[in-house]
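Novice: Need a 3D model of the sequence below.
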Amino acid sequence: MDTSLDRDLLSRAERQVAVVRALARVLPADALLWNSEDTAPYECDGLTAYRERPLVVALPETDAQVAAAQGDDYMKSPDLDARQKAAVRWAEAVTKMTARDDDAAFQAMQQHFSEKQIVELTVFCGMWNYSNRLCEALHVDLEHPDKRIEFQKK
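Specialist: Take a look at the predicted model:
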């Protein structure tokens, strides 16, 4: 076993700190959960070999923001600010694999995010796209439609 490779890998705690810091730059502090007891309900059990609590859970501020981000007219929504709209647009372009040719979406990202934040958001989108595509191919339901998490109003 190559122990030099093991030393190069970040520990879970180090990765968690990095992810929380990255998300804290773009989300309000009360939208982030990272303590073990807070993330327990979000544990992934869709893949038995990969049963693990998430490093962090990011929650929206309102139901309206969730609905706006999921809708086709998010760019017109008064519930999302320009920065949030740029991030949703970028996530959509990354997901649809059109980001390479969407100069306007990239320029909007550059107006609201640093280069490092753009990379972090792109990697985050890519990781979720990978997970979703893998589960879709293997017919794994991580969340049954009748048991979806409902967000409470503050």
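
Novice: Which SSE is immediately downstream of the worst-scoring helix or strand of the chain on mean pLDDT?
Specialist: Within the chain, judged by mean pLDDT, DSSP states H and E, the helix or strand with the poorest mean is helix 3-8; its value is a mean of 49. As assigned by DSSP states H and E, the chain's next helix or strand after helix 3-8 is helix 12-24.

Novice: List the buried residues of that next one.
Specialist: Residues 16, 19, 20, 22, 23 are the ones in helix 12-24 that count as buried (16 or more other CB atoms under 10 Å). (Each C-beta comes from the backbone N, C-alpha and C, glycine too.)

Novice: Isn't the first one up against residue 57?
Specialist: No. Assessed by CB atoms under 8 Å, residue 16 is found out of contact with residue 57, at 11.4 Å.

Novice: Quick check: phi and psi on the spatially most central residue of the chain?
Specialist: Centrality entry for the chain: nearest residue to the mean C-alpha point is residue 124, 5.4 Å, by CA atoms, centre = their mean. Backbone torsions for residue 124, taken as degrees, to the nearest 10, come to phi -60, psi -50.

Novice: burial count for residue 136?
Specialist: 10 (other CB atoms under 10 Å).

Novice: Format the CA atom coordinates belonging to the helix or strand hosting it as CSV.
Specialist: Per DSSP H and E: residue 136 is located in helix 115-137. What follows is helix 115-137, C-alpha atoms only, in CSV (Å, rounded to 0.1, in the frame of the first residue of the first chain):
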residue,chain,number,x,y,z
GLU,A,115,-11.7,32.9,-9.7
LYS,A,116,-11.2,30.5,-6.8
GLN,A,117,-15.0,30.6,-6.0
ILE,A,118,-15.9,29.9,-9.6
VAL,A,119,-13.6,26.9,-9.6
GLU,A,120,-15.1,25.7,-6.2
LEU,A,121,-18.7,26.1,-7.4
THR,A,122,-17.9,24.3,-10.7
VAL,A,123,-16.3,21.4,-8.9
PHE,A,124,-19.2,21.3,-6.5
CYS,A,125,-21.7,21.1,-9.4
GLY,A,126,-19.6,18.5,-11.2
MET,A,127,-19.5,16.3,-8.1
TRP,A,128,-23.3,16.4,-7.7
ASN,A,129,-23.7,15.8,-11.5
TYR,A,130,-21.4,12.8,-11.2
SER,A,131,-23.4,11.4,-8.2
ASN,A,132,-26.8,12.0,-9.9
ARG,A,133,-25.7,10.4,-13.1
LEU,A,134,-24.2,7.4,-11.3
CYS,A,135,-27.4,6.9,-9.2
GLU,A,136,-29.6,7.3,-12.3
ALA,A,137,-27.6,4.7,-14.2
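
Novice: Having no further points to raise, I will conclude here.
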